[in-house]
Structure formats: structure tokens, C-alpha cells
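A.B. asks: Turn this into a structure:
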Amino acid sequence: MTKILLVEDDKSIVTNLVEFLTEEGFSVKSASGQSGALELAEKEHFDMVLLDVSLADGNGFSVCSAIKSEYDIPVIFLTASGDEYSTVTGFELGADDYIPKPFRPRELIMRIRNILRLTGGNGSVTQLGDVSVDTVKGVATRDGKDLYLSALEYRLLLVFINNRGAVLSRSQLLEAIWDIAGEFVNDNTLTVYIKRLREKIEKDPQNPTIIKTVRGLGYRVDI
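C.D. replies: Here you go, the predicted structure:
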């Protein structure tokens, strides 16, 4: 699983980003300042750093410089500082991208995946039976062939992967996929998307072995 270090001192941003990125298939650790960020980077391997310029202690420029010199992993600045100096300084220190706040979550995911591809990040490939899910490329394959999941089908699959072994109720699934649909997702629509997803990932959709129905409770993926 692709591991991201989020360095941000705004607690509400941290909470929302950690939840969103986790739902998208990333593993996220956070730090509010320079010392905490560098301590985490020393202890654990990360595939990318999302970094604010203004921190609780130190600053993002110092963190970027240290990360790039010690570990040489991709860094994306997330900051309200839209002035030319901050942008130029970030890139001079080796930043791979620069996204001003407020940003759209979908755009952030796209930029993260683009940078990982450009820098050779392999991300993580999760196996569900004979189905491989690459959370960096955002694709599901069988025998090397793309299963061509729609955005909502892929999001639904990620929800199951991130809750492997747990029974998810229909209301939990509806809540998890509502924001990506662009419109209200009702119970009937959920039934249709689970059916479509099974038709793509199951060898025998009528007798599913990946997404199992738990009668009266919901659905579960535990392979």
C-alpha cells in the first residue's frame, strides 16, 4: 500500500485528508511540525510527502530540503501561500508539485498518482483472489487485463479493501460512495453498482467469492 506522510498543523485538514486518502487506498501518517515529520521519516518508509509551508514548529521548506537530501521521495506542497517566492522556493528545494489551498480532493488524487508515475513509485498491488488492484494507477486487472471499472465501481471496491474482513451495511456503503457520484445515490443504485462490480471481478457473479452477501447485515470481503 502506498504510504503518505502528511505534514500539516491544521487539525481539520488533517482529519479530512486522512479519511479521504485512506478511502482512496493510501496509508497515511501525519505530523504537525518539522521535528515530528523528520522523526517519522527516519522510522518509517514513505512513498510521498504532502507538506504545508507553515507548520507548528519549523517550516515546510526545511522539511522538504531534509526529505529530499536524505530519502529522495516525492514531495507535494499544500499551502495557502500563493506568492511567487513560496512557489519558486519550493521547486528550487526539489518539490515535485505545488497545490494551493483550497484544493479539490479529486484533483489532489490525480496529482498524487501522476507524480508517483513520473517518479517511478510502484505503490501497492492488492490481491482479491485472482484480481489485482493497483491503488496508484487506480486500476483493477485479471491476468494483466484491465477490468475497466468506473470511478464509482473502483471507489466501492476500495471501500471493501480498506475494510477487509468487516461486514459493511448498505448505509455504510452508501455514505462511502455518495460524494463521488455527483448526485444522490439511493439504495437501488447501490444494488446496481454491486451487481456491476461483481460482474467484472467475480468469475461467477451468481456465486460470488470476493464480495460476499451477509444475509440481513450487508456485505463482506475477506479473501
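
A.B. asks: Residue 78 falls within a strand, correct?
C.D. replies: Yes. Assessed by DSSP: H, G, I helix; E, B strand; the rest coil, residue 78 belongs to a strand.

A.B. asks: Please list all residues in contact with it.
C.D. replies: Contacts were defined as Cβ atoms under 8 Å, 6 or more residues apart in numbering; by that measure residue 78 touches 8, 50-52, 99, 101, 103, 108. Yep, even glycine has a C-beta here, placed from its N, CA and C like the rest.

A.B. asks: Pairing partners for it in the sheet, please.
C.D. replies: residue 99 (DSSP bridges).

A.B. asks: Report the separation between it and residue 102.
C.D. replies: According to Cβ to Cβ, to the nearest Å, residue 78 stands 10 Å off from residue 102.

A.B. asks: Also residue 72?
C.D. replies: Counting by Cβ to Cβ, the gap from residue 72 to residue 102 is 30 Å.

A.B. asks: what's the answer for residue 75, then?
C.D. replies: Taking Cβ to Cβ, one finds residue 75 at 20 Å from residue 102.

A.B. asks: elements contacting the one helix or strand residue 193 maps to?
C.D. replies: Assigned by DSSP states H and E, residue 193 belongs to helix 187-201. Where contact means 3 or more Cβ pairs under 8 Å, 6 or more residues apart in numbering; DSSP states H and E, helix 187-201 is packed against strand 139-142, helix 151-162, helix 170-181.

A.B. asks: Just after it, pick out the following helix or strand.
C.D. replies: Assigned by DSSP H and E, the successor of helix 187-201 is strand 212-214.

A.B. asks: May I see the buried residues of that following strand?
C.D. replies: For strand 212-214, a neighbour-count test (16 or more other Cβ atoms under 10 Å) marks nothing as buried.

A.B. asks: which residues sit against it?
C.D. replies: With Cβ under 8 Å, 6+ apart, strand 212-214 has contacts from 167, 219-222.

A.B. asks: which parts of the following helix or strand past it are buried?
C.D. replies: The element immediately downstream of strand 212-214 (helix or strand, assigned by DSSP H and E) is strand 218-220. Using 16+ other Cβ under 10 Å as the test for burial, strand 218-220 gives 218-220.

A.B. asks: who's in contact with strand 218-220?
C.D. replies: By Cβ under 8 Å, 6+ apart, strand 218-220 touches 160, 165-170, 172-173, 194, 211-214.

A.B. asks: Give me the neighbour count for residue 98.
C.D. replies: 20 (other Cβ atoms under 10 Å).

A.B. asks: So it is in contact with residue 91, correct?
C.D. replies: Yes. Under the criterion of Cβ atoms under 8 Å, residue 98 makes contact with residue 91 at 6.9 Å.

A.B. asks: How about the contacts made by residue 39?
C.D. replies: Taking Cβ under 8 Å, 6+ apart, one finds residue 31 in contact with residue 39.

A.B. asks: do you know how far it is from residue 32?
C.D. replies: 12 Å.

A.B. asks: Now intersect the contacts of residue 78 with the helices, please.
C.D. replies: If you go by DSSP state H, the contacts of residue 78 have residue 108 in helices.

A.B. asks: could the contacts of residue 78 be laid out in a markdown table, adding pLDDT and neighbour count?
C.D. replies: Listed next are the contacts of residue 78 as a markdown table, based on pLDDT from 0 to 100; neighbours: other Cβ atoms under 10 Å:
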| residue | pLDDT | neighbour count |
| --- | --- | --- |
| 8 | 93 | 24 |
| 50 | 96 | 23 |
| 51 | 93 | 26 |
| 52 | 91 | 24 |
| 99 | 85 | 16 |
| 101 | 82 | 12 |
| 103 | 81 | 11 |
| 108 | 88 | 19 |
